[in-house]
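Student: With the input below, show me the fold.
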Amino acid sequence: MNTPRAGGDPEALYARLAAATAGSAYRLRRTERGFDLVVDVPQSTRRVEVLHTYRVELLAREGTFTLTDVVRTRQHGSLAGQGLKVEIGRSRYRTWGTSPGGTRFSFSSSDGHRLIRGAAEELGWRERRPVTARAAVIAGIAGGLIALSTLIELAITFWL
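Tutor: Residues are numbered from 1 along each chain as shown. Just a heads-up that it's a prediction; the model follows:
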């Protein structure tokens, strides 16, 4: 196994993913800090379009990467029903059904995560949580500590 302790090779990772996604619904494109893996999520209606982007930022010197999901959902229809919703962070979902043309489909956002992580791990890259995920963990711990201290204060107040 190729382990980059002093750094990783972004070109090797990009080439590995390009080979893995060739002929599939996934599209790979370079960005300033790494690359995006993009896929149109199949829907059972023509009124909704979902574009799932797996944004990968590479820190080659450290041999690490961050993986962030950007999910764009566009609804078409009457003025009241139109709109664009963008979700950024970690998205895990599964969808299945029949397309307007009668073709059965299924999609899992975890498939893209596994594809990227598998290729990266084979080349020795390590995943770092994005800043938003680290902030969420800190907020969760802080909230838990506040709740715990509140329960302790209530116990002391009402039982003494």
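Student: only C-alpha atoms for contact and neighbour calcs from this point on.
Tutor: Noted.
Student: What about L17, how many residues nearby?
Tutor: 20 (other C-alpha atoms under 10 Å).
Student: How is it assigned, secondary-structure-wise?
Tutor: The three-state label given to L17 by DSSP: H, G, I helix; E, B strand; the rest coil is helix.
Student: nearest spatial neighbour of it, skipping sequence neighbours?
Tutor: In space, and not counting its chain neighbours, L17 is closest to A119: 6.6 Å by C-alpha to C-alpha, 6 or more residues apart in numbering.
Student: tell me the pLDDT at that neighbour?
Tutor: In this model, A119 is scored at 95, pLDDT.
Student: ok, it to T103 distance?
Tutor: Using C-alpha to C-alpha, to the nearest Å, we find A119 at a distance of 30 Å from T103.
Student: contacting residues for the residue nearest in space to the middle of the chain?
Tutor: For the chain, the residue nearest the mean C-alpha position is D69 (2.9 Å; C-alpha atoms, centre = their mean). Under the criterion of C-alpha atoms under 8 Å, 6 or more residues apart in numbering, the contact partners of D69 comprise 52-55, 87-91.
Student: Please name the bridge partners of it.
Tutor: Y54, G89 (DSSP bridges).
Student: mind checking pLDDT for it?
Tutor: The per-residue pLDDT reported for D69 equals 94.
Student: which SS class is S44?
Tutor: The three-state label for S44, taken from three-state DSSP, comes out as coil.
Student: what's the closest residue in space to it that isn't next to it in sequence in contact with, if anything?
Tutor: Using C-alpha to C-alpha, 6+ apart and skipping the chain neighbours, the partner closest in space to S44 is S99 (4.4 Å). Applying C-alpha under 8 Å, 6+ apart, one finds that S99 lies in contact with 42-45, 105.
Student: All the strands of this protein, in order from the start?
Tutor: According to DSSP state E, the chain carries its strands in the segments 27-30, 34-41, 48-59, 64-75, 83-89, 94-98, 104-108, 126-127.
Student: Tell me which of those strands lies nearest to F158.
Tutor: When those are ranked by proximity to F158, the top entry is strand 83-89, at 41.6 Å, counting by C-alpha to C-alpha.
Student: So which bits of that closest one are buried?
Tutor: Buried residues in strand 83-89, defined by neighbour count with 16 or more other C-alpha atoms under 10 Å: G89.
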